[in-house]
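A.B. asks: here's my sequence, what's the structure:
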Amino acid sequence: MKAFITASGIISPQHTHDTTEFPGRVESFLANRLTCIEPDYRNLINPVLLRRMPRILKMGLASSQLCINRAGNIQPDAIVVGTGLGCLNSLEQFLTEMLNNKEHITSVLPFIYSTHNAVASQIAMMLKNHNYNVTYCHRGFSFESALQDAMMQLEEQQAENVLVGGIDECTPDFMQLYGYLDYWKLPSDTLGLLKNTTPGTIAGEGSAFFMLSGRSENITNAVIRGVTTFFTPADIPEVRIETEIESFLQDNGIKKEDLDLVLLGMNGDFPLDEIYRRLMDSFFAAETGCAAYKPLCGEYYTSSAFALWLASVIISRQMVPDSVSICPVSRNRIKNILLYNHLRNVEHSLMLVCQG
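C.D. replies: This is a model prediction of the structure:
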């Protein structure tokens, strides 16, 4: 099971919607929350529709349109989206209005946009697309679930081109509620996040879409060889993580010594990042390079979509940006990249991205 990334479009806290600016231009912030650097939406979405459209829909429609434009305006045979929070801000507006107006609403739009599948459905409406359309809402597994579905569509030849994406928006209420659980740091230097030895992380958001195909004529395209997820409840020893990684690599026909780069979800939460540090010190081969992506995008449920985009950029340009590098790559070519992320040492995901 594999899928070629033929095009991508991404909006993130970095200058990624214009692919010419990243990674040469990387932004650093003093904050505990990263917000997306957004393009001029009027160039990508009908301006008539923009006025009443919530921000998360603008991000989703714009990044998907960027992807489709770069794919040659292909009409996808399936649209699959992963989101942890969905259109949470619209849901909050709808429920607040219901509460304040004694269960009456003055506008139906917050209700229409309040569902998790609003982004996928609006993309289909924008494209006039009546094909397979699914949204996955599986917390930290949301994007991985969408990606697995997309790859199965290709493997079973139900589709030739699949548009798959991961999107989440950070809202003030989300920051406040999870702040009670001590999820967030005090405002910190985002690019120096991994040097911070305190608990907590910085919040993030983003929208990344990919056009996947079962075949590609461009050998520089990144290919997704495999995706898997697993849980580690509190009573399961951490050694299971190493076993899962080895089993995943074996299933995809490579050994850990074959990895050129490991892209990790280190987020600056010092106690929880110990899992990554232990793997770097005693599990992965010494010649394998290591990098971390969350100092650029922050922590959110579908941050692995940003990681996948970054891995595809690294493979196509054959260089690891200094802003994410932890241990330099020692080999001449970067062919195999393992993406490993976990959400609070409970939900773990692995992706293997290789040169086509």
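
A.B. asks: list the contacts of stretch 316-334.
C.D. replies: Stretch 316-334 has contacts (C-beta atoms under 8 Å, 6 or more residues apart in numbering) with 22-23, 26, 191, 194, 220-222, 260-261, 263-264, 266, 280, 287-293, 295-296, 310, 314-315, 355. Any C-beta I mention is one placed from the backbone N, CA and C, and that applies to glycine too.

A.B. asks: ChimeraX command to pick out the buried ones of those?
C.D. replies: In ChimeraX, selecting the buried portion of the contacts of stretch 316-334, with burial taken from 16 or more other C-beta atoms under 10 Å, looks like this:
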select :22,23,26,191,194,221,222,260,261,263,264,266,280,288,289,290,291,292,293,295,296,310,314,315,355
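
A.B. asks: can you tell me the element the residue minimising distance to the centre of the chain falls in?
C.D. replies: In the chain, the residue lying closest to the centroid (C-alpha atoms, centre = their mean) is Ala305, at 1.9 Å. Per DSSP states H and E, Ala305 falls inside helix 303-317.

A.B. asks: the helix or strand that that helix is followed by: how far from the chain's middle?
C.D. replies: Next along the chain after helix 303-317, taking DSSP H and E as the criterion, comes strand 325-327. With C-alpha atoms, centre = their mean, to the nearest Å as the basis, strand 325-327 stands 20 Å off its chain's centre.

A.B. asks: cool, and stretch 259-267?
C.D. replies: Its chain's C-alpha centre and that of stretch 259-267 lie 14 Å apart, by C-alpha atoms, centre = their mean.

A.B. asks: can you show me the CA trace of that stretch as PDB?
C.D. replies: Backbone C-alpha positions of stretch 259-267 (Å, rounded to 0.1, in the frame of the first residue of the first chain) are rendered in PDB as follows:
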ATOM      1  CA  LEU A 259      16.300   5.400   7.800                       C
ATOM      2  CA  ASP A 260      18.000   8.600   6.600                       C
ATOM      3  CA  LEU A 261      15.900  10.900   8.800                       C
ATOM      4  CA  VAL A 262      13.400  10.600  11.700                       C
ATOM      5  CA  LEU A 263      11.000  13.500  11.900                       C
ATOM      6  CA  LEU A 264       9.700  13.700  15.500                       C
ATOM      7  CA  GLY A 265       6.800  15.300  17.200                       C
ATOM      8  CA  MET A 266       8.800  16.900  20.000                       C
ATOM      9  CA  ASN A 267       6.800  19.800  21.400                       C
END
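
A.B. asks: i'd like the first residue to be 28 from this point on
C.D. replies: Okay, residue one is now 28; in that scheme the one you just asked about reads as stretch 286-294.

A.B. asks: how about residues contacting stretch 318-325?
C.D. replies: Everything outside stretch 318-325 that qualifies as a contact, by C-beta under 8 Å, 6+ apart, is 39-41, 53, 60-61, 197, 217-221, 228-233, 288-295, 303, 330, 333-334, 337, 347, 350-354.
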